[in-house]
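**Q** Quick one: sequence and predicted model below, then my questions.
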Amino acid sequence: MARGKVQLKRIENQVHRQVTFCKRRAGLLKKAKELSVLCDAEIGVFIFSAHGKLYELATRGTMQGLIERYMNSGRGAQPEPAAVETQPDPDTKEEINMLKHEIEVLQKGLRYMFGARAEEMSLDELLVLEKHLEIWIYQIRSTKMDILLKEIQQLRNKEEILTAANQHLHDKVEENAEITNLATMITNLPQPLTIQNEIFQY
């Protein structure tokens with residue numbers, strides 16, 4: 001029987017919505033990685049959760065490099081009217097500049113964490129870094145939990161296989177024991193009395 005078309009609408013249950021978000025986000029990032037590997041493509045993905053948390057993926061290089069490549073992608077070769085039409089609006093430019101600044105802060109924060117303490121960070125920059133560290137920790141814990149759940153399921157599957165094999169061997173042992181007992185009973189039965197034919201000569 002064919003399945004009906006799934007209606008897409010907002011999930012009202014907050015727990016179900018968060019679980020679905022995590023699963024779909026992981027699936028989207030996985031598909032992006034697969035597309036990059038299979039087709040030798042450079043892919044950048046930004047995802048903002050309902051709580052404003054940022055998840056990003058750059059399959060090659062850095063996200064800043066991808067953004068710069070996007071900004072420089074063939075715009076100067078287009079005719080002047082088209083170039084005017086394709087220019088991003090001020091809001092888009094502001095958003096891009098904010099993303100660039102955030103990426104620069106993250107790169108600076110990574111250098112700071114790995115020993116480049118000569119480069120001072122402001123309070124705002126440290127807060128941005130702290131937010132992203134929380135996101136990364138959540139992602140690591142989520143991935144670790146997925147791996148643990150898979151390993152637990154594999155152990156359960158192995159346990160079921162071993163239990164079934166043990167039950168099969170137990171049944172075989174009982175079957176062989178019954179056959180042995182039957183053979184012993186047959187062997188211990190009293191032998192019929194036989195009288196040899198004797199030929200009497202007169």
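**A** That came through, no problem.

**Q** switch to C-alpha atoms for all contacts and neighbour counts from now on
**A** Fine.

**Q** Which helix or strand contains Arg24?
**A** If you go by DSSP states H and E, Arg24 is part of helix 14-39.

**Q** And the next helix or strand past that helix?
**A** Toward the C-terminus, helix 14-39 is succeeded by strand 44-48 as the next helix or strand (DSSP H and E).

**Q** contacts for that next one?
**A** Applying C-alpha atoms under 8 Å, 6 or more residues apart in numbering, the contact partners of strand 44-48 are Arg25, Leu29, Leu54, Tyr55, Glu56, Leu57, Ala58, Thr59, Met63, Leu66.

**Q** Please convert those to JSON lines, extending it with secondary structure.
**A** Shown next, in JSON lines, are the contacts of strand 44-48 (DSSP: H, G, I helix; E, B strand; the rest coil):
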{"residue": "Arg25", "secondary structure": "helix"}
{"residue": "Leu29", "secondary structure": "helix"}
{"residue": "Leu54", "secondary structure": "strand"}
{"residue": "Tyr55", "secondary structure": "strand"}
{"residue": "Glu56", "secondary structure": "strand"}
{"residue": "Leu57", "secondary structure": "strand"}
{"residue": "Ala58", "secondary structure": "strand"}
{"residue": "Thr59", "secondary structure": "coil"}
{"residue": "Met63", "secondary structure": "helix"}
{"residue": "Leu66", "secondary structure": "helix"}
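
**Q** Model confidence at Pro81, what's the number?
**A** For Pro81, the pLDDT comes out at 47.

**Q** How about Pro190?
**A** What the model reports for Pro190 is a pLDDT of 63.

**Q** The helix holding Arg24 vs strand 44-48, what angle?
**A** Between the axis of helix 14-39 and that of strand 44-48 there is an angle of 180 degrees, by axes from the mean of the first three to the mean of the last three C-alpha atoms, to 10 degrees.

**Q** angle of helix 14-39 against strand 54-58?
**A** Relative orientation of helix 14-39 and strand 54-58, computed by the same axes, to 10 degrees: 10 degrees.

**Q** Pull out the buried residues from helix 14-39.
**A** Neighbour-count burial for helix 14-39, with 16 or more other C-alpha atoms under 10 Å as criterion, is recorded at Leu29, Ala32, Lys33, Ser36.

**Q** can you tell me which helix in this protein is longest?
**A** Counting by DSSP state H, the longest helix found in the chain is helix 123-187.

**Q** Quick check: which ranges of this structure have low pLDDT?
**A** Counting by pLDDT under 70, the chain shows low-confidence ranges at 1-6, 74-89, 116-119, 188-202.

**Q** if we can go back for a sec, got the angle between the longest helix of the chain and helix 14-39?
**A** Orientation check (the same axes, to 10 degrees): helix 123-187 against helix 14-39 gives 90 degrees.
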